[in-house]
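J.: What follows is a predicted protein model with its sequence.
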There are 2 protein chains.
Amino acid sequence: MHYIGVDIGGMSIKAGIVDNKGNILVNGKISTEQERGFANTIRNIADLCQKLLDKAGLSEDDIDSIGVVTPGIPDKKNGILIFSNNLQFRNVPIKSELQKYFDIPVYLDNDANAAALAESVAGASKNIENSVLITLGTGIGGGIIINNKIYSGFNDAGSELGHMTIVHDGIRCSCGRRGCFEKYASASALISQTREAAGKNPESIINKITNGNQEKIDAKTAFEAQRKGDSTADKVVSQYIEYLADGVMNIINMLFPEIIVIGGGVGNEGENLFEPLRKALYKRVYTHDVAETKIKGAVMGNKAGIVGAAMLGKKR
Amino acid sequence: MHYIGVDIGGMSIKAGIVDNKGNILVNGKISTEQERGFANTIRNIADLCQKLLDKAGLSEDDIDSIGVVTPGIPDKKNGILIFSNNLQFRNVPIKSELQKYFDIPVYLDNDANAAALAESVAGASKNIENSVLITLGTGIGGGIIINNKIYSGFNDAGSELGHMTIVHDGIRCSCGRRGCFEKYASASALISQTREAAGKNPESIINKITNGNQEKIDAKTAFEAQRKGDSTADKVVSQYIEYLADGVMNIINMLFPEIIVIGGGVGNEGENLFEPLRKALYKRVYTHDVAETKIKGAVMGNKAGIVGAAMLGKKR
């Protein structure tokens, strides 16, 4: 049996046909065209799915279910996208609209949750019952897998990992709160921290790497300068890891997943990040009498949305 | 069918026979006598259980399972208590020892987890699939209920709610970390905060209530002085609620339970605490597009351990 996964983003929509092990057989991409309205977008998605079926030599009968993921908060039970910061759509009935084109079960979820599911089906946390994905990007997103399924609370709005407070009364966040995890440990936060340190320390290698142009500082710069022996960069990275460890440890304390998978821009640092993070976590562990949560890098990359979406029907 | 629940504490052991709705039919209490060794304690527990069966006019055949709860970390699969701060016992095989006396399934869990289960079976979160219990006492404990069962992670060591960081680099905690939730929002933390404010503000009603004796300040004092119109106490309570709201919001963000049940000493303040807490949470909610988590007071009191323990076999 096969599954269709659809990953709706602000700019583009990706879709693919996926087998039951999480392999993508065929895939394609279209523009979201938000401005042309929701019904148009759904029609385009249906067209794309039909093209993919044709390309794979499959028919609707070969497809067990369609999964659709978006940024924002879904009403999973009714298949409605309630709210999304990145999409103009609000309270749109994705499931019923899509079922005008295909007589197949349709499942909805948040894209970060789906990415966590994709890692647990075919990626870094493959076959692990309980895991958490954290993505360190513009913000911090993530998803929680409990008993091989997405967990997102009684109204599907849980696992907002980036908005847990780690600094009481700290930096104001766009969510309205203060001291949110993502204001200290996202890629954007690391860039701000690197820029501030570079400004205060003109001699830092950070400024050599970027020819003194702060705009060129990205989430890799501090790590790069640290590898070149720069003490300013070393302090930036060390402090960043302390913040990251606070948030990761909060997740461990609460959920004790077997694996925490780290993705997003900063996650690409791999062991440069994970090794010192493990040490910072080790210092914070309550008891060493029990096995500890493993830290691994995400591996699904930009396939995560399609694969996670496709697996919604199988892992519900 | 009936269930036996055994609640092992540092000083005493409570046990009871419980029906399948969570009602205690008969119960009793013995001293823990830790100093006389583990085998002795188990023998005393077996004696107590037999006495309870006799008293209830029941036999071993009427009992579906025995649940045992302790402070600390259990190995649930093997029925072994791995580690507890409050008990001298370490790596003790409670299940196999108890099964020398009764040929019945034995289940183990942490006492805070069991209290959360008790609330979800017969208390404040009765019949609610997903809930969290937070107890505001000497520390902050708690338990997570997902799909009507205790959730505690892959190695049974999860839901250490009191040790999530809410103040990066904050007050040092006995766990070795800094800025833990319980250093700011436990009953002990509230007492420290009240004492500090009373010391700095001699005119405060707090000092009248206690006749200037700081030792008499307890977790109720600030609330009492606040009700009498004291502005110092009002500030203490307001700040305390901000800390509490940070931690509670972190739990909501991650797990979005339908109900958060609050127990422990400070929880006894009831609506004096819950009403301003709800307001502080409302300010922190990411979106009001979805139904919100309810805040309720714990109702199981000192029956929670026995009832939660007894229900381990039923809700596994």
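T.: Structure's in. What do you need?
J.: Please report the distance of A:Glu60 from A:Glu196.
T.: Distance of A:Glu60 to A:Glu196, computed by Cβ to Cβ, to the nearest Å: 55 Å. Using the backbone N, CA and C atoms, a C-beta is placed for each residue, glycine as well.
J.: quick one: terminal-to-terminal distance for stretch A:219-230?
T.: 16 Å (Cα to Cα, to the nearest Å).
J.: Which residue is the nearest non-sequential neighbour of the most centrally placed residue in chain A?
T.: Closest to where the C-alpha atoms of chain A average out (Cα atoms, centre = their mean) is A:Ala112, at 4.0 Å. Nearest non-adjacent residue to A:Ala112, counting by Cβ to Cβ, 6 or more residues apart in numbering or on different chains: A:Gly141, 3.9 Å away.
J.: What are the buried residues along the host helix or strand of A:Ile150?
T.: Element membership for A:Ile150, per DSSP states H and E: strand A:149-151. Residues A:Lys149, A:Ile150, A:Tyr151 are the ones in strand A:149-151 that count as buried (16 or more other Cβ atoms under 10 Å in any protein chain shown).
J.: Let me have those residues in JSON lines, extended by pLDDT and distance to chain B.
T.: Formatted as JSON lines, the buried residues of strand A:149-151 follow (pLDDT from 0 to 100; distance: Cβ to the nearest Cβ, whole Å):
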{"residue": "A:Lys149", "pLDDT": "95", "distance to chain B": "10"}
{"residue": "A:Ile150", "pLDDT": "95", "distance to chain B": "12"}
{"residue": "A:Tyr151", "pLDDT": "93", "distance to chain B": "7"}
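J.: residue contacts, A:Val266?
T.: Contact analysis of A:Val266 by Cβ atoms under 8 Å, 6 or more residues apart in numbering or on different chains lists A:Leu136, A:Gly137, A:Ser186, A:Ala187, A:Leu190, A:Ala219, A:Leu273.
J.: what kind of secondary structure is it in?
T.: When classified by DSSP: H, G, I helix; E, B strand; the rest coil, A:Val266 comes out as helix.
J.: That one and A:Gly22: what is the separation?
T.: 25 Å.
J.: Sort out which residues of stretch A:148-168 are buried, please.
T.: A:148-168.
J.: Hmm, I typed the wrong one, I wanted stretch A:101-108.
T.: In stretch A:101-108, counting by 16+ other Cβ under 10 Å, buried: A:Tyr101, A:Phe102, A:Ile104, A:Pro105, A:Val106, A:Tyr107, A:Leu108.
J.: How many residues are close by the residue nearest to A:Lys283 when sequence neighbours are not counted?
T.: In this structure, A:Lys283 finds its nearest non-sequential neighbour in B:Gly176, 7.1 Å apart by Cβ to Cβ, 6+ apart. Around B:Gly176 there are 12 other residues, counting by other Cβ atoms under 10 Å in any protein chain shown.
J.: cool, A:Tyr282 as well?
T.: 11.
J.: Not counting its own residues, what contacts the helix or strand in which it is found?
T.: In the assignment (DSSP H and E), A:Tyr282 maps to helix A:271-284. Residues from elsewhere that reach helix A:271-284, judged by Cβ under 8 Å, 6+ apart: A:223, A:227, A:237-238, A:241-242, A:244-246, A:248-249, A:252, A:262, A:266-267, A:292-293, A:295-297, B:176-177.
J.: picking that back up, quick one: contacts for the residue nearest to the centre of chain A?
T.: A:Pro71, A:Leu133, A:Thr135, A:Gly141, A:Gly142, A:Gly143, A:Ser159.
J.: Next, it: phi, psi?
T.: Per-residue torsions, A:Ala112: phi -70, psi -40 (degrees, to the nearest 10).
J.: who touches A:Gly57 in this structure?
T.: Not one residue lies near A:Gly57 by Cβ under 8 Å, 6+ apart.
J.: which ones among the contacts of A:Val266 are found in helices?
T.: Members of the contacts of A:Val266 lying in helices (criterion: DSSP state H): A:Ala187, A:Leu190, A:Leu273.
J.: Please tell me how far A:Lys314 sits from A:Ile24.
T.: 14 Å.
J.: Next: A:Ser131.
T.: For A:Ser131, the distance to A:Ile24 equals 21 Å [Cβ to Cβ].
J.: Look at the two and report which has more neighbours.
T.: Applying other Cβ under 10 Å to A:Ser131 and A:Ile24 shows that A:Ser131 carries more neighbours, namely 29 against 17.
J.: any idea how far chain B is from that one?
T.: Going from A:Ser131 to chain B by Cβ to the nearest Cβ, to the nearest Å gives 9 Å.
J.: now swap in A:Lys29 and tell me
T.: 29 Å.
J.: list the contacts for that residue?
T.: By Cβ under 8 Å, 6+ apart, A:Lys29 lies in contact with A:Ser12, A:Ile13, A:Lys14, A:Ala15.
J.: Closest to chain B out of these?
T.: Nearest to chain B out of those is A:Ile13 (Cβ to the nearest Cβ; 23.0 Å).
J.: Would you mind confirming that the closest one makes contact with A:Thr32?
T.: Yes: counting by Cβ atoms under 8 Å, A:Thr32 is a contact partner of A:Ile13 at 5.5 Å.
J.: Between these two, which contacts overlap?
T.: Each of A:Thr41 lies in contact with both A:Ile13 and A:Thr32 under the rule Cβ under 8 Å, 6+ apart.
J.: so where is chain A shaky, pLDDT-wise?
T.: Residues of chain A meeting the criterion pLDDT under 70: A:286-290.
J.: where along it do the helices fall?
T.: So, for chain A - with DSSP H - the helices run A:38-56, A:94-98, A:111-122, A:182-185, A:187-200, A:205-209, A:221-227, A:231-255, A:264-267, A:271-284, A:304-311.
J.: now for those, which one comes closest to B:Gln50?
T.: Closest approach to B:Gln50 among the helices of chain A (Cβ to Cβ): helix A:231-255, 39.2 Å.
J.: Would you mark the buried spots in that closest one?
T.: By 16+ other Cβ under 10 Å, the buried positions in helix A:231-255 come out as A:232-233, A:235-237, A:239-255.
J.: Give the closest residue to A:Arg43 in space, chain neighbours not counted.
T.: A:Tyr101 (7.7 Å).
J.: pretty sure that neighbour is touching A:Ala39, no?
T.: No: applying Cβ under 8 Å, one finds A:Tyr101 not in contact with A:Ala39, separated by 11.3 Å.
J.: can you put the helices of chain A in CSV and add distance to B:Arg172?
T.: Putting those into CSV (distance: least, Cβ to Cβ, whole Å) gives the following:
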stretch, distance to B:Arg172
helix A:38-56, 53
helix A:94-98, 49
helix A:111-122, 33
helix A:182-185, 20
helix A:187-200, 24
helix A:205-209, 32
helix A:221-227, 28
helix A:231-255, 14
helix A:264-267, 28
helix A:271-284, 12
helix A:304-311, 39
